[in-house]
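Colleague: Following is a predicted model, sequence given first.
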Amino acid sequence: MKTADIPLIELSGTPRERGRIYGETAKALIARVVEAWRQDLGNYKVGSISVANSDPDSYLDQFLSQTNYISAIETWAPDLWQEVQGIAEGAEQHIDNILGLQLIDEEWVFGLHHGLDKPTTKCTAFGVPDQAQGMSYAGQNMDIPSWVEGHQVLLRAMPTATAPEALVFSIAGSIGLNGVNASGLGVTCNALPQLASARDGLPVLFIIRSILEKNTIDQAEQFLREIPHASGQNYILSSRQEIRCLECSGGRVDRYAPKHQQGRVFHTNHVLINPDSSEVAELVDAKPNSSRARLHSIETRLGNLSKRISLDDVKTALSAHDDPDNPVSRVINPQNVASSIGYTAGSSIYELCDPPRLHLAAGPPCETEFKVFDFKTHTDQQ
């Protein structure tokens with residue numbers, strides 16, 4: 001998708017009204033996403049055996065009936081649950097389909113635990129503090145299924161009495177994959193399926209949006225440490241003053257802060273510190289994986305402490321193909337357009353200055369232009 005063409009959807013009003021605005025505005029896109037997502041649910045591998053055209057309704061019923069995420073959502077993110085229900089109403093979609101779209105990471109883990117040969121190579125994220133004029137940079141390449149191409153959206157969640165305005169990258173129908181808010185707080189995430197999960201925890205996308213409702217990095221970290229986590233995930237919290245990297249599992253939260261990098265952090269899809277392993281950890285680690293190659297690439301490009309990092313340096317690092325077989329920026333494989341994973345659907349850079357700004361490429365940054373998005377409001381509370 002050309003970044004200039006990405007729909008920018010402004011959400012305001014009550015949580016239910018926000019959802020209805022979203023659903024009505026992106027109704028056609030959401031319908032296509034639901035169709036593609038359901039087809040993807042029905043195409044997977046069990047060991048070496050390909051399973052095509054299976055019954056997505058049966059699989060989805062098993063997934064939702066064997067988990068209890070709604071209880072955690074109602075406890076920790078009740079407004080977002082209202083928003084999800086509003087999306088379903090506005091888009092005229094069954095609530096199970098719209099809820100399922102919010103549980104992409106959790107369905108991935110569920111599939112792995114049920115013997116499905118789910119690929120586990122996903123995103124590349126970074127945080128680089130204390131650059132020129134005290135500016136920090138953070139962001140990530142969001143690697144998700146290639147069927148999302150053409151269905152990316154940018155949400156502008158307008159401020160409420162307690163939450164700042166937020167710019168949230170997503171796919172149509174989902175409440176958000178990553179983002180940055182007007183208080184200068186950003187969040188990225190990396191899937192870590194090697195870590196223990198919890199079938200009654202708070203799902204990743206609800207965590208992302210909840211963090212973007214906070215005003216400070218301290219509030220965001222406190223939230224991550226209080227909640228039960230549905231999926232193993234690494235979150236990089238970013239502000240103008242500092243970057244914090246937290247590996248979260250169903251049983252614990254560990255902060256990764258390498259002393260030799262002076263506050264810079266980089267993460268992909270292998271565990272760096274949290275020992276709370278799941279029963280599929282060895283299986284996941286044994287699968288072909290580009291995680292270490294991508295981590296080496298971005299660390300090499302942005303980890304030189306003798307150099308102040310510029311915005312162009314960040315864009316180049318996120319566009320890198322240092323290892324041609326394991327690039328940081330991944331394009332659609334023409335031989336496998338329906339790939340379940342392995343496509344950079346968006347590249348986000350948070351320029352954490354005063355005021356903060358979002359630089360977004362709505363596709364692989366090696367072939368997609370970045371566009372700057374500014375806030376309508378700004379609160380300097382970091």
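Modeller: Everything's here; your move.

Colleague: Which parts of the stretch 51-200 of the chain are strands?
Modeller: 124-128, 136-144, 152-157, 166-171, 178-181, 186-191 (DSSP state E, counting those that start in this stretch).

Colleague: Now those strands in TSV, please, with extra columns for mean neighbour count, mean pLDDT and distance to L202.
Modeller: The way it works is simple: take the backbone N, C-alpha and C, and place the C-beta from them, glycine included. Listed next are those as TSV, based on neighbours: other C-beta atoms under 10 Å; pLDDT from 0 to 100; distance: least, C-beta to C-beta, whole Å:
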stretch	mean neighbour count	mean pLDDT	distance to L202
strand 124-128	29	97	20
strand 136-144	27	96	20
strand 152-157	23	98	18
strand 166-171	27	98	17
strand 178-181	28	98	16
strand 186-191	28	97	13
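
Colleague: Kindly reformat these as a markdown table containing distance to L302.
Modeller: Below are the strands of the stretch 51-200 of the chain laid out as a markdown table (distance: least, C-beta to C-beta, whole Å):
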| stretch | distance to L302 |
| --- | --- |
| strand 124-128 | 6 |
| strand 136-144 | 9 |
| strand 152-157 | 24 |
| strand 166-171 | 20 |
| strand 178-181 | 18 |
| strand 186-191 | 14 |
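
Colleague: and S297, which of those strands is closest to it?
Modeller: Of all the strands of the stretch 51-200 of the chain, strand 124-128 sits nearest to S297, with 8.0 Å by C-beta to C-beta.

Colleague: mind checking which of the strands of the stretch 51-200 of the chain is nearest I298?
Modeller: That would be strand 124-128 among those, by C-beta to C-beta, at 5.6 Å.

Colleague: Kindly report the domain assignment for the protein.
Modeller: Per automatic domain parsing, the domain ranges recorded for the chain read 3-113, 124-373.

Colleague: Just name the most buried of these.
Modeller: Ranked by mean neighbour count, the domains of the chain are led by domain 124-373 with a mean of 21 (mean count of other C-beta atoms under 10 Å).

Colleague: can you give me the end-to-end distance of that one?
Modeller: 21 Å (C-alpha to C-alpha, to the nearest Å).

Colleague: Do you have the helices of this structure handy? List them.
Modeller: Here the chain has its helices, by DSSP state H, at 15-25, 27-41, 56-65, 69-76, 78-91, 95-101, 104-113, 204-211, 217-226, 281-286, 291-302, 311-318.

Colleague: average model confidence for the fifth one?
Modeller: Computed over helix 78-91, the mean pLDDT rounds to 98.

Colleague: again, but for the longest one
Modeller: When pLDDT is averaged along helix 27-41, the result is 94.

Colleague: contact partners of that helix?
Modeller: 7, 23, 56, 59-60, 87, 90-93, 97-98, 100-101, 107, 145, 147-148, 151, 153, 171-173, 338, 340 (C-beta atoms under 8 Å, 6 or more residues apart in numbering).

Colleague: lowest-confidence stretch among the domains of the chain?
Modeller: domain 3-113 (a mean of 91).

Colleague: how long is that domain from one end to the other?
Modeller: Span of domain 3-113 from end to end, C-alpha to C-alpha: 36 Å.

Colleague: what does stretch 283-300 give?
Modeller: 28 Å.
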